[in-house]
Structure formats: C-alpha cells, structure tokens
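Novice: Predicted model follows, preceded by the sequence.
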Amino acid sequence: MRRRKPRRRTGGVDDGVLPLINVVFLLLIFFMVAGRLAAGDPFEIAPTRAAMEGPAPGEAPLLLVAADGRLALDGAEISWDALPAALSGARRLRVKADGAADSVALARLLASLRAAGVSEARLMVEPKPGPGP
C-alpha cells in the first residue's frame, strides 16, 4: 500500500484573523460616520468655566454670544435688532457666551431678553477643572 504524502496547507496561519480585521475596520468606519451627528455651532466660542450645581436645563432655545458680539439663535446667526422679535413667546432661554465676550454687551443682551419677555435665562458654562468628588 502506498502512503500518500500529506498535503501542505496553502493558506497562512493567520487566516482566522482576517475576519476580525474586517469587523474592526467596519466598526471604525461606523463610529467615524455616526460620531458627528450633532450640528455644530455657527462660530467657535470658548465658554466660561464655573462650578456646576444641579441638573442641566431642558430644551429651551439656545442663544450663542461670540467674543466679537455676534449672536446666533438655535444655530442661525441673528442681528441684535431682530432678537426681541425672534424671542417673543419664549419664557426660557439657554445662553452660551464666549468667555472673552464684552460685559457691556452681555448687560445689553440681558435688557433685550427682559424686554422680549424671557423670564429665565440660563448661562451655559464648562465645569472648572478641580479635585474629583
């Protein structure tokens, strides 16, 4: 009886790793696409830092104040003159102001908000870095 020579496997030892690599790349692509679903602000601001207390405010309109005095309401730039009309009927408001914004402009903004009938304006800030709880 003749003995057959065992056939050598033509594939590499790492053939089982290829599906794992495919899955990892698919997950990488998924998270790259899904990771940026939220719309960004129309201009860059650096929020003021403060100690956080209590829960975050609800979904009230968001007003952005840039360091140069520009305004944006819910992602669209708006002029100072059009602000009271755009806020008519809004009782609550979230304000995200640049840390370098002029305090006189912020005082003017508060007067405009009061005239528009806004009764609650919450300033959104970043927490100060410090010792953990």
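Specialist: That came through fine.
Novice: Can you give the distance of the biggest helix by length in the chain from its chain's centre?
Specialist: If you go by DSSP state H, the chain has its longest helix at helix 18-34. Put simply, helix 18-34 sits 24 Å off its chain's centre (C-alpha atoms, centre = their mean, to the nearest Å).
Novice: start at 57 instead
Specialist: Okay, using 57 as the starting number, the last item reads as helix 74-90.
Novice: What residues sit buried inside that helix?
Specialist: Across helix 74-90, burial judged by 16 or more other C-beta atoms under 10 Å covers no residue at all. For every residue, glycine as well, the C-beta is placed using N, CA and C.
Novice: On the C-terminal side of it, identify the next helix or strand.
Specialist: Of the helices and strands lying after helix 74-90 in sequence (DSSP states H and E), the nearest is strand 105-106.
Novice: Tell me the neighbouring strands of that next one, and mark each as parallel or antiparallel.
Specialist: Sheet pairing of strand 105-106 (DSSP bridges) gives strand 182-183 (parallel).
Novice: Dump the longest helix of the chain to PDB, keeping only the CA atoms.
Specialist: Output in PDB follows, covering the C-alpha atoms of helix 74-90 (Å, rounded to 0.1, in the frame of the first residue of the first chain):
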ATOM      1  CA  LEU A  74      -8.800  38.300   8.600                       C
ATOM      2  CA  PRO A  75     -12.500  38.300   9.600                       C
ATOM      3  CA  LEU A  76     -11.500  40.000  12.900                       C
ATOM      4  CA  ILE A  77      -9.700  42.800  11.000                       C
ATOM      5  CA  ASN A  78     -12.700  43.200   8.700                       C
ATOM      6  CA  VAL A  79     -15.000  43.700  11.700                       C
ATOM      7  CA  VAL A  80     -12.700  46.100  13.300                       C
ATOM      8  CA  PHE A  81     -12.400  48.300  10.200                       C
ATOM      9  CA  LEU A  82     -16.200  48.200   9.700                       C
ATOM     10  CA  LEU A  83     -16.700  49.400  13.300                       C
ATOM     11  CA  LEU A  84     -14.100  52.100  12.800                       C
ATOM     12  CA  ILE A  85     -16.000  53.400   9.700                       C
ATOM     13  CA  PHE A  86     -19.300  53.200  11.600                       C
ATOM     14  CA  PHE A  87     -18.100  55.200  14.500                       C
ATOM     15  CA  MET A  88     -16.400  57.800  12.200                       C
ATOM     16  CA  VAL A  89     -19.700  58.300  10.400                       C
ATOM     17  CA  ALA A  90     -22.000  58.200  13.400                       C
END
